[in-house]
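Trainee: A predicted structure for the sequence below; I have some questions about it.
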Amino acid sequence: MSTSSLELEAFDRSGYAGYDTQLAADPDEELTRIGPGTPAGEYLRRYWHPVALGRELGERPVATRILGEDLVLFRDRGGRVGLVHRRCPHRRASLEFGTCEERGIRCCYHGWHFDVDGALLDAPGQPPEAKARLEARVRLGAYPAFEYQGLVFAYLGPMREMPRFPVYDAFELPDMERVPYKAPFRCNWLQVLDAIVDPIHTSFLHSNISRVQFSVGFGEVGQMDYFERGMWFAGTNTRRVGDNVWFRANELVLPNFTQAGAAFAADGTKQRYYGRSAFTRWVVPLDDEDTMCYAWANFGERGDPPEYNTPEGPELIEQGEIFDRPYEERQRFPADAEATEGMGRITVHANEHLAPSDKGVALMRRRLREEIRRVAAGASPMHATETQSSPLPTYGGDTVLTMPRVGNGDESALLSRLAHRLMEIQYAADRLEEPERVALVSREMRELEKRGLGALAED
Ligand code: FES
Ligand SMILES: [Fe+2]
């Protein structure tokens, strides 16, 4: 074939915008940079975050990075958890090579011994006066940390601002087994966080594009609604499944606490009243380009079925696939890691085109920015424990009601009304303790079901 026979007219000159499409280079610094002294870093340093699984703390210290800081985490032989700056204040040897003592940690280089709060307990080989002077003057940087239900939580902010530890209702549901797990993402924390307020991605990434990664019913988008209430955000899908309506809420409590409905327990075919989240999870920045989700997978009647409580179960619940997979399999069956890491280590928001289905993402980023600026201006950010009583209510989960279709038209407005009613029913029970909350919410849901969709049309 000669060059003259190539039909270049086929290439429409008004299309093909590769050369002319300008891409911005800079990420949104205010939301994405989380190191010490950055606006988002300061904001995140006003909250407790999980930083490890309890079972990772054995007899040796663990080198880690949290919020862009090089740290060492350990459990002393007395059972207390320490989270300290990685380098010894004497001459900067790494404490990851130190030893866990009955009380605190000892540096490998010259044996200086520090308590979990960073106090210098001993500096061997120094004359007594020098030793006393050193003990008064030298402190290893340390952060408060403790283990709770198999997760290690820490606070990396100013001590005068240390908030109460927020206990959400999901931490203590009696009929659930909580299994701690972690999920690494090689990208900025916000890319991981965005997905929780993006209910439409489940229907594509996890169903129509990849293989069916959760239950079959996710393939249909359904009616989507978005809720914002103080620090609480929810994105809901309300789907028609035969005579049933399946309502699912994914939620975020600022800055990084997330819950979703069940991954495998709900597909809309079986009635379910006030089902709870498959995972209770935090999206924790390790640094600007690496993120770790720390979580409990929730198994039981109102979570995911106990048969998924296997070594891979939490990975499947987290993203529909196991984490470590060959490249070809990741291409054929992409999951959250492929979608979020594929954007690059820090995606550039200026190159996005947000659509109506991104409403949750837009709302969340706006509020996040407001809170970050509030802290930058010297104020304290909002804390869940100040706006609600403990245990703090959460809303992530699934409810399936038998509510046959009324009429033949488009029912999306009715499904949206139903979604709002279901959220209001839960909001109204906020102040109650379990099990009163469960009793009231389930009763109201059943009543709504009995009255049928038609009644919502008349409201
Ligand atoms: S560097 Fe740690 S004791 Fe000397
Ligand atoms: Fe996902």
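Mentor: It's in. Ligands and ions are numbered 1, 2, ... in the order given.
Trainee: From now on I want contacts and neighbour counts done on CA atoms only, so please keep to that.
Mentor: Noted.
Trainee: so how many other residues sit close to residue 58?
Mentor: Using other Cα atoms under 10 Å, residue 58 is surrounded by 13 other residues.
Trainee: Just the pLDDT for it.
Mentor: You'll see residue 58 listed with a pLDDT of 97.
Trainee: does it sit in a helix, a strand or a coil?
Mentor: Classification of residue 58 using DSSP: H, G, I helix; E, B strand; the rest coil returns coil.
Trainee: ok, now how distant is residue 46 from residue 243?
Mentor: From residue 46 over to residue 243 the distance is 47 Å, taken as Cα to Cα, to the nearest Å.
Trainee: nope, residue 75 is what I was after
Mentor: Residue 75 is 54 Å from residue 243, by Cα to Cα.
Trainee: quick one, which of these two is more surrounded?
Mentor: residue 75 (27 against 13).
Trainee: Nearest spatial neighbour of that one, chain-adjacent residues omitted?
Mentor: residue 81 (4.4 Å; Cα to Cα, 6 or more residues apart in numbering).
Trainee: From residue 188, how far off is the one you found?
Mentor: Residue 81 is 27 Å from residue 188, by Cα to Cα.
Trainee: More neighbours: which of these two?
Mentor: Using other Cα under 10 Å, the more surrounded residue of residue 81 and residue 188 is residue 188, with 28 against 24.
Trainee: confidence score at the spatially closest residue to the more buried one that is not a sequence neighbour?
Mentor: Leaving aside its sequence neighbours, residue 188 sits nearest to residue 289 (Cα to Cα, 6+ apart; 4.6 Å). The per-residue pLDDT reported for residue 289 equals 98.
Trainee: I'd say residue 289 and residue 341 touch.
Mentor: No: if you go by Cα atoms under 8 Å, residue 289 and residue 341 don't touch, sitting 9.7 Å apart.
Trainee: shared neighbours, these two?
Mentor: 186-187 (Cα atoms under 8 Å, 6 or more residues apart in numbering).
Trainee: What strand or helix carries residue 146?
Mentor: Following DSSP states H and E, one finds residue 146 within strand 145-148.
Trainee: Which neighbouring elements make contact with that strand?
Mentor: Packing partners of strand 145-148 (3 or more Cα pairs under 8 Å, 6 or more residues apart in numbering; DSSP states H and E): strand 81-85, strand 151-155.
Trainee: Okay, now the sheet partners of that strand, with direction.
Mentor: strand 151-155 (antiparallel) (DSSP bridges).
Trainee: Could you identify the helix or strand that succeeds the strand it pairs with?
Mentor: Counting by DSSP H and E, what follows strand 151-155 is strand 176-185.
Trainee: May I see the buried residues of that next one?
Mentor: 176-185 (16 or more other Cα atoms under 10 Å).
Trainee: show me the contacts for residue 302.
Mentor: Residue 302 neighbours (Cα under 8 Å, 6+ apart): 175-176, 274-277.
Trainee: Closest one to residue 262 out of these, please.
Mentor: residue 277 (5.5 Å; Cα to Cα).
Trainee: who's in contact with the closest residue to residue 215 other than its chain neighbours?
Mentor: Using Cα to Cα, 6+ apart and skipping the chain neighbours, the partner closest in space to residue 215 is residue 264 (5.2 Å). Residue 264 makes contact with 214-215, 304-305, 317, according to Cα under 8 Å, 6+ apart.
Trainee: so where does residue 264 fall, helix or strand?
Mentor: Using DSSP H and E, no helix or strand contains residue 264.
Trainee: Any figure for the gap between it and residue 291?
Mentor: To residue 291, residue 264 is 25 Å away according to Cα to Cα.
Trainee: still on that earlier bit, so how far is residue 298 from the residue nearest to residue 215?
Mentor: 12 Å.
Trainee: shared neighbours of the two, anything?
Mentor: residue 304.
Trainee: Show me which residues of this protein are close to ligand 1?
Mentor: 88, 90-93, 107, 109-112 (Cα under 6 Å from any ligand atom).
Trainee: Of those, keep whichever come out buried.
Mentor: 88, 90, 93, 107, 111-112.
Trainee: among the residues you listed, which are in strands?
Mentor: Counting by DSSP state E, no part of these is found in strands.
Trainee: Mind putting those residues into a markdown table with pLDDT?
Mentor: A markdown table is the format used below for those (pLDDT from 0 to 100):
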| residue | pLDDT |
| --- | --- |
| 88 | 98 |
| 90 | 98 |
| 93 | 98 |
| 107 | 98 |
| 111 | 98 |
| 112 | 98 |
